[in-house]
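Chemist: Sequence first, then the predicted structure:
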Amino acid sequence: MSAAAPRGLLVAALRSSSGKTTVTLGLMRALARRGLAVAGAKCGPDYIDPAFHAAATGRASLNLDSWAMPPALLAQSAGETAAGADLLLAEGLMGLFDGVPADPGRSGSSADVAAALGLPVVLVHDVSGQSQSAAAAIAGVCAYAPRLRLAGVILNRVGSERHTRLVTDAVRAIGIEVFGAIPRTADIAVPERHLGLVQAAETSGLDRLIDRMADLVATHVDLDRLTAAAPPLAPTVTEAARPLPPPGQRIAIAHDAAFGFLYPHLVSGWRTAGAEIRVFSPLADEAPDETCDVCWLPGGYPELHAGRLAGATTFLAGLRRFATTRAVHGECGGYMVLGRTLTDADGAVHRMAGLLDVATSFAKRKMHLGYRAVTTLADGPLGPAGTRLRGHEFHYATIVDRGADAPFALATDAYGSSPEPTGSRRGRVSGSFFHVIAPA
């Protein structure tokens, strides 16, 4: 571990499915095998990729979100994940400039994160179906965003030595460094499901897969030149960060294959504030720790495990008992489990905890995706009534019956929609499809 300040780069692409996750994981593992302490980070709202970063580097990876996080919290999160590392590699989301309408620097795009933290961009450019035209697209990045520093390019999915030479010569002719060219590979990919990649803990042979990615990258990318392009990480902090306060002093958090979506920066912030975390597994039929003063059911994939959850009598009885005297909150999948019923993809109806009156279905699927700003309507684990929060929704489940419960909050999207009621609350129990990231 280096005593010097960590350096940083942001790995991005001009569109999704360009291969940036494969390249990022390969870079992380290849550099770690060289003895560097590599830290990972993920731009935007993403629960799954940080766990793959952790598998590749052996270190926790946090999210960096320029829309949901105030600038001070963004800088603090970057500093926290990079602490003690030699190199921070942040992975972008979607296309480099893709975001939402917002004040300058707050669009949620990877470009905003790079600019805020002073991270040069390593552009992973998929050159399949083009040769010299790639240089025009890359030149466009420089013209479109002169505030960004483009450290260089990794050409991906090249088809031959001639193809590589044509693209490389054209890109270098416009003054842009080419760190390497990776050939097309059809057999190195992480499996996916309806919310993105299959979770790291569920991916068979993950360590071998990441090693193959690292071998590919190390063979075709000049790692020395790439790391030399990374400057010291020195995010500007002009005010104190405001992380989300702990919902309680001792927090019971569900965690297993059905409940895996809780942002690492939240848990880290709660621990830093002095809270204790007690993890339990509903799929193992474990109840929340009775010594805790709040229970949190994160999102995840309860729709894939609805039968087991319905049969987890110790979990359900313990959760109901807990809710008689203490607060329980559910996000997305956790909200579904707190409801009356959950209908799975085959149309089978499973009884859930019944602590909220909502009924949800995965048989009637519709994608709900986007940033949300909410204002809570009652005192609860996320703060007193009127607390303003930023986060997002990403789910395919639908509500088939909202029931008689009062709404949890009023929500708007990033495009100026009118506030609408969202979620449910009854007694000490609350929940919604909203995933919180930070205070507004």
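Modeler: Received, thanks. Numbering: from 1, shown residues only.
Chemist: Adjacent strands (with direction) for the strand or helix carrying residue 399?
Modeler: Using DSSP states H and E, residue 399 sits in strand 398-401. Next to strand 398-401 in the sheet, as set by DSSP bridges, lie strand 359-361 (antiparallel).
Chemist: Can you mark which positions in the helix or strand that the strand it pairs with is followed by are buried?
Modeler: Remark: after strand 359-361, the chain's next helix or strand is strand 368-376, criterion DSSP H and E. Across strand 368-376, burial judged by 16 or more other C-beta atoms under 10 Å covers 371, 372, 373, 374, 376. C-betas here are computed from N, CA, C, even on glycine.
Chemist: same deal with stretch 56-70?
Modeler: Buried-residue list, stretch 56-70, by 16+ other C-beta under 10 Å: 56-57, 59-70.
Chemist: before we move on, what about stretch 374-393?
Modeler: By neighbour count with 16+ other C-beta under 10 Å, stretch 374-393 contains the buried residues 374, 376, 377, 380, 381, 382, 387, 389, 390, 391, 392, 393.
Chemist: Also stretch 140-159?
Modeler: 141, 145, 148-158.
Chemist: so what strands line up beside the strand or helix carrying residue 90?
Modeler: Using DSSP H and E, the element containing residue 90 is strand 87-91. As defined by DSSP bridges, the strand partners of strand 87-91 come to strand 7-12 (parallel), strand 38-43 (parallel).
Chemist: I'd like the next helix or strand past it.
Modeler: Later in the chain than strand 87-91, the nearest helix or strand by DSSP H and E is helix 110-117.
Chemist: what's the distance between the most centrally placed residue in the chain and residue 369?
Modeler: The residue lying closest to the centre of the chain (C-alpha atoms, centre = their mean) is residue 46, at 1.8 Å. Going from residue 46 to residue 369 by C-beta to C-beta, to the nearest Å gives 12 Å.
Chemist: what do you get for residue 30?
Modeler: For residue 30, the distance to residue 369 - C-beta to C-beta - is 33 Å.
Chemist: who touches residue 43 in this structure?
Modeler: 10, 12, 63-66, 90-93, 109-110, 113 (C-beta atoms under 8 Å, 6 or more residues apart in numbering).
Chemist: go again using 10 Å as the cut-off
Modeler: 10-12, 49, 63-66, 90-94, 96, 99, 108-114, 119 (C-beta atoms under 10 Å, 6 or more residues apart in numbering).
Chemist: Give the rounded mean pLDDT of the helix or strand hosting residue 394.
Modeler: Element membership for residue 394 (DSSP H and E) is strand 388-395. Throughout strand 388-395, pLDDT has a mean value of 96.
Chemist: for stretch 177-187, same thing?
Modeler: Averaged across stretch 177-187, the pLDDT comes to 90.
Chemist: follow-up on the earlier one: note down every partner strand of the strand holding residue 394 and its orientation.
Modeler: Using DSSP bridges, the strands paired with strand 388-395 are strand 368-376 (antiparallel), strand 435-439 (antiparallel).
Chemist: mind checking how far the shortest one is from the chain centre?
Modeler: Relative to its chain's centre, strand 435-439 lies at 12 Å (C-alpha atoms, centre = their mean, to the nearest Å).
Chemist: Please save the CA atoms from that strand in PDB.
Modeler: Taking Å, rounded to 0.1, in the frame of the first residue of the first chain, the C-alpha atoms of strand 435-439 are listed here in PDB:
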ATOM      1  CA  HIS A 435     -34.200   3.400  -3.100                       C
ATOM      2  CA  VAL A 436     -32.600   6.200  -1.000                       C
ATOM      3  CA  ILE A 437     -29.100   7.500  -1.900                       C
ATOM      4  CA  ALA A 438     -28.700  10.700   0.000                       C
ATOM      5  CA  PRO A 439     -30.500  13.700   1.700                       C
END
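Chemist: Let me know the average pLDDT across that strand.
Modeler: When pLDDT is averaged over strand 435-439, the result is 97.
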